[in-house]
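Enquirer: I'll drop the sequence and a predicted model, then ask my questions.
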Amino acid sequence: MAFLAQPLPADLLDLLVEGEWVLAAPPRADAGNDSEPVRHRFEAEGVDVWLTRDSGVAAPPLEAVALNLERREATVERSNVGGYHSHTDLFDAFPRATHAARQATETAARAMGADVSARAPATTVAVEGARLVVDGGGDYQLAVRAGTAGLELAGAARAHDADASGSVEAWVNVSRAGHFNALHDHAGSSASGVLWVRAPPAPRGVEFSGCLFLALRFPRDGAPGAYALVAPADRALVAFPGRLAHAVLPLAPEALRGPDDVRISLAFNYP
């Protein structure tokens, strides 16, 4: 994972933003190692972006969750143009599979001063005799776990499945050729970001495939906007202020390593 030094071609830039934009000067990086969040400061724009080059999060559990959800559920329509976007209760609905990812995202969010103690609104589920009692309305994810002590049921509410809810949110994105995310922000969150679970490497000629676009400054008073580009990599994590507008560039067909290859990421918000 790295900030790219090449500016976007005009056709890709026009896909995401309007007006005149220029690639920002390279950021100044604090000292640190690859396994911890390192602050990168864009001086002219006054924006900090935190990179963890190797989060250490294993891909298989998250890949299994993402692909299973894609098969069985319709996508949530947000900024995604094509592809699959899950509900935002991923940490609560799949606590075991997402445990390492939650720890890595909390570490990044804590470095930014965000509140990592908040939890998503929960729907309580209990068994009373032969009855299943659900306390809380709306759509919810029901998890069933069987153990020696009996049957455990848990539910994660989706009634507040929206950004800026004041809760920790996490979701997976599954993208195939041509899929991208339009420009958007998470203005109600202190820290937002993405952990790349599976990131097909971009070959020569399609270097911008699946890159994260960060709108560091919008055009104003005759001055152009400024942007940065982050190239994805397996297990890498990037965190930034939730108010920062961002997008994801289309996944180039040439980057896919086979007919079943996909790009999988876990995105998150902390209040």
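Expert: Cool, the structure landed.

Enquirer: And the strands in the stretch 101-250 of the chain, which stretches?
Expert: 122-128, 131-135, 140-147, 150-157, 169-175, 180-184, 191-198, 212-217, 225-231, 237-240, 246-248 (DSSP state E, counting those that start in this stretch).

Enquirer: counting contacts, what elements does the fifth one pack onto?
Expert: The elements that strand 169-175 packs onto, with contact taken as 3 or more C-beta pairs under 8 Å, 6 or more residues apart in numbering; DSSP states H and E, are helix 59-72, strand 84-85, helix 90-93, helix 99-111, strand 263-270. C-betas here are computed from N, CA, C, even on glycine.

Enquirer: gap between the last one and the chain center?
Expert: Between the centre of strand 263-270 and the centre of its host chain there is 2 Å, according to C-alpha atoms, centre = their mean, to the nearest Å.

Enquirer: still on that earlier bit, nearest to residue 38, out of the helices and strands packed on strand 169-175?
Expert: The closest of the helices and strands packed on strand 169-175 to residue 38 is helix 99-111. By C-beta to C-beta, the value is 8.9 Å.

Enquirer: What average pLDDT does the closest one get?
Expert: Throughout helix 99-111, pLDDT has a mean value of 97.

Enquirer: Does that helix pack against any helices or strands, and if so which?
Expert: If you count contacts as 3+ C-beta pairs under 8 Å, 6+ apart, helix 99-111 packs onto strand 47-52, strand 169-175, strand 191-198, strand 237-240, strand 263-270.

Enquirer: would a markdown table of those with mean pLDDT, mean neighbour count and distance to residue 212 be doable?
Expert: Listed next are the helices and strands packed on helix 99-111 as a markdown table, based on pLDDT from 0 to 100; neighbours: other C-beta atoms under 10 Å; distance: least, C-beta to C-beta, whole Å:
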| stretch | mean pLDDT | mean neighbour count | distance to residue 212 |
| --- | --- | --- | --- |
| strand 47-52 | 98 | 23 | 10 |
| strand 169-175 | 96 | 25 | 12 |
| strand 191-198 | 97 | 26 | 7 |
| strand 237-240 | 98 | 26 | 6 |
| strand 263-270 | 97 | 25 | 9 |
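
Enquirer: which stretch among the ones you listed comes nearest residue 206?
Expert: Here strand 263-270 is closest among these (C-beta to C-beta), at 12.9 Å.
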